[in-house]
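# need coordinates for the below:
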Amino acid sequence: MKLKNILMVAILGLFGHVAISQEGLPVYADYLTDNYYLIHPSMAGVANCSKVRLTARQQWFGHEDAPKLMTLSLNGRIGESQSAIGGILYTDKNGYHSQNGAYVTYAHHLMFSRNPVDLNMLSFGLSVGFIQYKLDETDFLFDGPDNIIEGIVQSETNMNIDFGFSYHYLDYYLHGTAKNLLENSGINNDLQITSNLRRYLLSAGGVFSKYGSEWSYEPSIMFMYKDGTGESSIDFNAKAYKQMDFGSLWAGLSYRRSLDGAQYINGSNNVRSQKLQNITPIIGVNYNQFMFAYNYTHQTNPVVFTNGGFHQFTLGYNFNCRREKYDCNCPAVN
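Below is the predicted model:
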């Protein structure tokens, strides 16, 4: 198989991972590390504690200018009210492209249960963000002047909006979010495909355990659809928790599969198709008010850019904690 074909397939196969890094805050598996607020604004302040989460993600160790992402998020209730606020800062670099962003969030939580012990809550969240896109063209002019390439660092700042809802009922939950509702062309405003960066996310799951058991189990799914390109993918997730004297230990496994494929020609000149497939094991510990998690994403596609995976670390701290008042297996809330 020619090198040109290999690179083209690798780029297309990685589209779900690499391309989204230039569409606002990327959507990876880090939401499973007690970090749903990163993708669903309605989850701001839903827990009985205020939360700080710091993530660092590095792809393809050993490769120059490999994609890397850092996020810092904070969210919590406003006093004893049903309202909450949150904020996210992030920086995302992918080769010659990079972006820095900041979001502020307001969320409101409506209780429908007659007794607060029985969780029945509907939440709404709205995030407003400012994103600065950059394209470094300073190394592009290695063959001399070009009428298209300016040879400078191009920069553009845009605003966008995310809106979503969450519904928690006893041990079950449902989240829906529309991201990048406004047209946001970044630095590529001559391309129609980049002006529609809307993404729709839908998550659902539940937590199960036997009465009195130290173990609980949480299966969940997440569906993602990109409006501009018509691409879609789905995550199948499973987590297990073990309660300890100091907090809890937990581990999980996520499988992401694209519902769209890219065709390529193999060595026998046969046309084949592959779809983005990722497997992400996750481990974590909650120690008193601190949280640490690690996840590693491995691509299972037949043609990839490199065999190296994606490493991500998450550090967290909970503060202003209130009494756990809901009688449910709901680690994201209690």
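
# can we go C-alpha only for contacts and neighbour counts from here?
OK.

# ok, Y317 - contacts?
Each residue near Y317 by Cα atoms under 8 Å, 6 or more residues apart in numbering is listed here: 51-53, 289-291.

# am I right that it falls within a strand?
Yes. Assessed with DSSP: H, G, I helix; E, B strand; the rest coil, Y317 lies in a strand.

# now it: how far from G79?
Using Cα to Cα, to the nearest Å, we find Y317 at a distance of 18 Å from G79.

# same thing with S248?
Distance of S248 to G79, given as Cα to Cα: 27 Å.

# so between the two, which is more surrounded?
Neighbour totals were compared for S248 and G79, and S248 leads with 17 against 9 (other Cα atoms under 10 Å).

# show me the beta-bridge partners of that one.
Q243, N286 (DSSP bridges).

# could you do the one 4 residues further on as well?
With beta bridges defined as DSSP bridges, G252 has these partners: K239, I282.

# next, count neighbours for it.
Using other Cα under 10 Å: G252 sits among 20 other residues.

# burial count for G206?
By other Cα under 10 Å, neighbour count at G206 equals 18.

# measure it to Y317 for me?
Relative to Y317, and taking Cα to Cα, G206 is found at 24 Å.

# hang on, L89 packs against A102?
Yes. Using Cα atoms under 8 Å, L89 makes contact with A102 at a distance of 4.5 Å.

# what's near enough to touch C321?
48-50.

# helix, strand, or coil at it?
Following three-state DSSP, we place C321 in the coil state.

# same question, F313
F313 is classified as strand under three-state DSSP.

# beta partners for the residue lying closest to it once chain neighbours are set aside?
Nearest residue to F313 in three dimensions, chain neighbours excluded: Y294, at 4.6 Å (Cα to Cα, 6 or more residues apart in numbering). In this entry, Y294 is beta-bridged to I283, F313, by DSSP bridges.

# gap between Y294 and A240?
Between Y294 and A240 the computed distance is 15 Å (Cα to Cα).

# what of M70?
From M70 to A240 the distance is 26 Å (Cα to Cα).

# what of T105?
30 Å.

# neighbour count: the two, which is higher?
Neighbours per residue, other Cα under 10 Å: of T105 and A240, the larger number sits with T105, 24 against 18.

# help me confirm that the more buried one comes into contact with A44.
Yes. In terms of Cα under 8 Å, T105 counts as a neighbour of A44; the distance is 7.4 Å.

# tell me, what's touching the two both at once?
The contact lists of T105 and A44 share 85-86, 125, where a contact means Cα under 8 Å, 6+ apart.

# show me what contacts Q289?
317-319.

# and it, what pLDDT?
Q289 carries a pLDDT value of 95.

# one more: L249?
97.

# near it, how many other residues are there?
Count around L249 with other Cα under 10 Å applied: 19.

# residue contacts, it?
241-243, 284-286.

# residue contacts, the residue nearest to F112 when sequence neighbours are not counted?
Nearest residue to F112, sequence neighbours excluded (Cα to Cα, 6+ apart): N120, at 5.5 Å. N120 makes contacts with 111-113, 167-170, as judged by Cα under 8 Å, 6+ apart.

# filter those to the buried ones?
Taking 16 or more other Cα atoms under 10 Å as the criterion, what is buried in the contacts of N120 is 167-170.

# among those, find me the one that's closest to D34.
Of all these, H168 has the smallest distance to D34: 15.5 Å, by Cα to Cα.

# what is that closest one paired to in the beta sheet?
Counting by DSSP bridges, H168 is bridged to M121, Y173.

# from S113, how far off is it?
Taking Cα to Cα, one finds H168 at 11 Å from S113.

# and for the two, which residues touch both?
Taking Cα under 8 Å, 6+ apart as the contact rule, H168 and S113 both touch 119-121.

# what residues are up against L202?
L202 touches 174-177, 222-224, counting by Cα under 8 Å, 6+ apart.

# show me where this structure has its strands.
Counting by DSSP state E, the chain has these strands, from start to end: 50-59, 68-77, 83-94, 97-111, 120-136, 153-169, 172-179, 199-206, 215-226, 231-244, 247-265, 271-287, 290-299, 310-319.

# please convert these to JSON lines, extending it with distance to C328.
Output for the strands of the chain, formatted as JSON lines (distance: least, Cα to Cα, whole Å):
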{"stretch": "strand 50-59", "distance to C328": "19"}
{"stretch": "strand 68-77", "distance to C328": "20"}
{"stretch": "strand 83-94", "distance to C328": "22"}
{"stretch": "strand 97-111", "distance to C328": "15"}
{"stretch": "strand 120-136", "distance to C328": "11"}
{"stretch": "strand 153-169", "distance to C328": "9"}
{"stretch": "strand 172-179", "distance to C328": "9"}
{"stretch": "strand 199-206", "distance to C328": "10"}
{"stretch": "strand 215-226", "distance to C328": "11"}
{"stretch": "strand 231-244", "distance to C328": "14"}
{"stretch": "strand 247-265", "distance to C328": "16"}
{"stretch": "strand 271-287", "distance to C328": "18"}
{"stretch": "strand 290-299", "distance to C328": "21"}
{"stretch": "strand 310-319", "distance to C328": "20"}
